[in-house]
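Give me a 3D structure for the following:
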Amino acid sequence: GGGGVMTSVSHAFSQVPGRRGIILGVLPGLSPEDPGWVGRDLRLPSSTAANLDPGWPREIQQPEGYPNPYVEMPIYTHLPKSGALGTEITSRNHINILTSRAVVALPGGAGTGSEVKLAEFYKKPVIAFLGEEGRIVGFNPDGITPVARNLDEVKQFLSEFL
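Next up, the predicted model:
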């Protein structure tokens, strides 16, 4: 749902004639450590939402660049961790992976690498498609996740799970 590869993929999918489906974006929230945070550290009192402090900000704050302009259905979260911290329990990456029937990892940074690790952890079908010179930060191409050499291999992989 943010910039970089996700903007490119979202834009490309938005241009597909007669496409089936919409562009979802599972968006991170800001953490108290982030610049621009308004509010206090979230500590939920007792066990009911009725006890939430009325002084809390009513809107979840998104980091700059979220959602990208092609997201048609943003899914706002309060989960701030991403990038190299994308496997932590307060990362939206768990939602991204757990709601997927299959994962195709494209070249990317540490966040993409953490999503591959989570797909392996949750035993989700996952394949990397790196192209000629692509890489994923923290990803071992000789590890347990297979690497597709071409789009036909990606299509074959997806046809098994979709």
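
Adjacent strands (with direction) for the host helix or strand of Pro74?
Pro74 is part of strand 73-76, with elements assigned from DSSP states H and E. Each strand that strand 73-76 pairs with, and the sense of that pairing, follows from DSSP bridges: strand 24-27 (parallel).

CA atoms only: put the partner strand into PDB for me.
Output of strand 24-27 as PDB, limited to C-alpha atoms (Å, rounded to 0.1, in the frame of the first residue of the first chain):
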ATOM      1  CA  LEU A  24      -6.100  -3.500  -1.300                       C
ATOM      2  CA  GLY A  25      -3.600  -1.800   0.800                       C
ATOM      3  CA  VAL A  26      -2.900  -3.000   4.400                       C
ATOM      4  CA  LEU A  27      -1.400   0.100   5.900                       C
END
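
how far does it sit from the chain's center?
Taking CA atoms, centre = their mean, to the nearest Å, one finds strand 24-27 lying 7 Å from the centre of the chain it belongs to.

Need the contact partners of it.
For strand 24-27, contacts defined as CB atoms under 8 Å, 6 or more residues apart in numbering pick out 1-2, 6, 10, 62, 66-68, 71-77, 92, 95-96. Using the backbone N, CA and C atoms, a C-beta is placed for each residue, glycine as well.

surely Ile136 meets Val103?
No. Counting by CB atoms under 8 Å, Ile136 stays clear of Val103, with 11.8 Å between them.
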